[in-house]
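> My questions are about this predicted structure, shown below with the sequence.
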Amino acid sequence: MLPGDGVTGMKRTFSLAPLAAAFLLAGCSFVTDAIFPGSQNEEAAAPVAPAQVATTQPQVTETPVLTPTPPPALGTNTFSPLAVTPGQPTGTFVGQRVTQLRGDLSTLQTSILARNLDLQVVRDQTMGTSQRYHGTIAAISTRLQIGTTPGNPVLVSQWNQAQFELDRLGNDIAQMNSLANTVASDSAFAAFLLESARATYGLAGAIDEDHRQLAILEDETNRTVVLIDRLLNELSEDVSRQTAYVGNERRNLTTLSLAIKNGELLGRSLANRAFQGATPKVSRAPGGNTSFALANRRPLVVIRFDRPDVPFQQALYTAVSHALEARPDTQFSLVAVTPHQGTPAEVALNTSKSKRNAETVLRALLDMGLPAARIQLTSAASADAFTNEVHIYVQ
């Protein structure tokens, strides 16, 4: 590993091999010492050196490209039931019952036509909102790709607009859910009509014309039941796809906000690459011997905090995203490494700074979308370190 020389903002090539960068940062502590197991005086064996990152002659690499995820396809079917076949009064009680059921079916079909119209309106709204959202995201990504200032107010305004459009997509999903509930009520009523039509066959006093009209009514009611079921299934599929899509885009927006803050494009949220239900693994030796757990382990990333305002986010995102692409269920250990040098007071001060640096890296990982359950936070002291460092290990 080579110490940093103060060069910032340069893009470097990172591979799947472990990475190293040199950094220094002071931050505000929000994690208590209880989540940092291990003693300040424990000696951490020197890890195998990760791949070196040139700092004297930085290499220029391609700017990462963020390809917007296309919105999920909405259903395209229309649901218009055929008109109810009219019948002639027969003057019997069964004939009157058939006439009543025919009127109920006609009312139900009118309701289905209204539901179908509502569905097409919601779909048009959703497609328009998706187009505006993706247009805004594309504008932000293009600006970040060519380079911009950190916290550019124009991009912040566009991000707020994208957030607004995504909220409108959420409202469209709520309308689809409400429509699905209404269609479910229609489905229950259609099933009741079908059972009523079948039960009418058992009534006494019917003539052949009553049963002929009743058979036609039963067939049309059955077709209406099938049509409603198809409408309900398509609505459920649309709601499911759109809900998952909006959830993914909310995580992408969170990561995009970090990119706007830094003025450089990162990529999609790490949460969309990781399994959400994973359980963090523990890589500590019995008795909390952190140095034993770190011995002979090669870090994925080494962040050396030897100067202010270290731009580590892009390198960190690249390394972690590559690790998740190789193995989506990867767990990570984030270790605050303190140089075990100087007086006890200096060691204690460096330990506090190292933990704050680790908290800064943790916040960055969370902003990138990596679930907190995938990260184990710990600390260690090393006689080989000359400045505060943060190591990220793959478990």
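Happy to help now that I have it.
> Which parts of the stretch 251-395 of the chain are helices?
Using DSSP state H, counting those that start in this stretch, the helices of the stretch 251-395 of the chain run over residues 290-294, 313-326, 344-367.
> With mean pLDDT and mean neighbour count added, can I get the ones you listed in JSON lines?
Using the backbone N, CA and C atoms, a C-beta is placed for each residue, glycine as well. Output for the helices of the stretch 251-395 of the chain, formatted as JSON lines (pLDDT from 0 to 100; neighbours: other Cβ atoms under 10 Å):
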{"stretch": "helix 290-294", "mean pLDDT": "45", "mean neighbour count": "20"}
{"stretch": "helix 313-326", "mean pLDDT": "88", "mean neighbour count": "20"}
{"stretch": "helix 344-367", "mean pLDDT": "84", "mean neighbour count": "19"}
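> Can you check which of these gets nearest to residue 304?
Nearest of those to residue 304, taken as Cβ to Cβ: helix 344-367 at 9.8 Å.
> and the angle from the closest one to helix 313-326?
Note on geometry: by axes from the mean of the first three to the mean of the last three Cα atoms, to 10 degrees, helix 344-367 and helix 313-326 are set 60 degrees apart in direction.
> Just the C-alpha atoms of helix 344-367, please, in PDB.
Provided in PDB are the C-alpha atoms of helix 344-367 (Å, rounded to 0.1, in the frame of the first residue of the first chain):
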ATOM      1  CA  PRO A 344      -1.400   6.200  26.000                       C
ATOM      2  CA  ALA A 345      -3.100   9.600  25.600                       C
ATOM      3  CA  GLU A 346      -2.200   9.700  21.900                       C
ATOM      4  CA  VAL A 347      -3.400   6.200  21.400                       C
ATOM      5  CA  ALA A 348      -6.700   7.000  23.100                       C
ATOM      6  CA  LEU A 349      -7.200  10.100  20.900                       C
ATOM      7  CA  ASN A 350      -6.300   8.200  17.700                       C
ATOM      8  CA  THR A 351      -8.700   5.400  18.700                       C
ATOM      9  CA  SER A 352     -11.600   7.900  19.000                       C
ATOM     10  CA  LYS A 353     -10.700   9.500  15.700                       C
ATOM     11  CA  SER A 354     -10.500   6.100  14.000                       C
ATOM     12  CA  LYS A 355     -13.900   5.100  15.200                       C
ATOM     13  CA  ARG A 356     -15.400   8.400  13.900                       C
ATOM     14  CA  ASN A 357     -13.800   7.700  10.600                       C
ATOM     15  CA  ALA A 358     -15.300   4.200  10.600                       C
ATOM     16  CA  GLU A 359     -18.700   5.700  11.300                       C
ATOM     17  CA  THR A 360     -18.200   8.000   8.300                       C
ATOM     18  CA  VAL A 361     -17.500   5.100   6.100                       C
ATOM     19  CA  LEU A 362     -20.500   3.200   7.600                       C
ATOM     20  CA  ARG A 363     -22.800   6.100   6.800                       C
ATOM     21  CA  ALA A 364     -21.500   6.200   3.200                       C
ATOM     22  CA  LEU A 365     -22.200   2.500   2.800                       C
ATOM     23  CA  LEU A 366     -25.700   2.900   4.100                       C
ATOM     24  CA  ASP A 367     -26.300   5.900   1.700                       C
END
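> pLDDT below threshold where in this protein?
Along the chain, the parts satisfying pLDDT under 70 run over 1-73, 75, 272-296.
> Grab the most central residue of it for me.
Geometric centre of the chain, nearest residue: residue 248, 2.8 Å, by Cα atoms, centre = their mean.
> what about that residue, distance to residue 169?
12 Å (Cβ to Cβ, to the nearest Å).
> now residue 124
Distance of residue 124 to residue 169, computed by Cβ to Cβ: 13 Å.
> more crowded one of these two?
Comparing residue 124 with residue 169 by other Cβ atoms under 10 Å, the one with more neighbours is residue 169, at 22 against 12.
> now that one, what's its secondary structure?
What DSSP: H, G, I helix; E, B strand; the rest coil gives for residue 169 is helix.
> I'd guessed it sits against residue 241; true?
No - the criterion here is Cβ atoms under 8 Å, and residue 169 misses it with residue 241 at 11.7 Å.
> What is the neighbour count of residue 204?
Neighbour count of residue 204, defined by other Cβ under 10 Å: 7.
> whoops, I mixed them up, residue 378
Using other Cβ under 10 Å, residue 378 has 22 other residues around it.
> do the same with residue 175
Residues within reach of residue 175, counting by other Cβ under 10 Å, total 16.
> Excluding chain neighbours, what is closest to it?
residue 122 (5.0 Å; Cβ to Cβ, 6 or more residues apart in numbering).
> Now do the SS call for the one you found.
From three-state DSSP, the assignment for residue 122 is helix.
> Distance of it relative to residue 145?
For residue 122, the distance to residue 145 - Cβ to Cβ - is 34 Å.
> more crowded one of the two?
Remark: of residue 122 and residue 145, residue 122 carries more neighbours, 21 against 15, as counted by other Cβ under 10 Å.
> how far away is the more buried one from residue 128?
Using Cβ to Cβ, we find residue 122 at a distance of 11 Å from residue 128.
> Equivalent analysis for residue 372, please.
In terms of Cβ to Cβ, residue 372 sits 36 Å off from residue 128.
> Shouldn't the residue nearest to the centre of the chain be within a helix?
Yes - under three-state DSSP, residue 248 sits within a helix.
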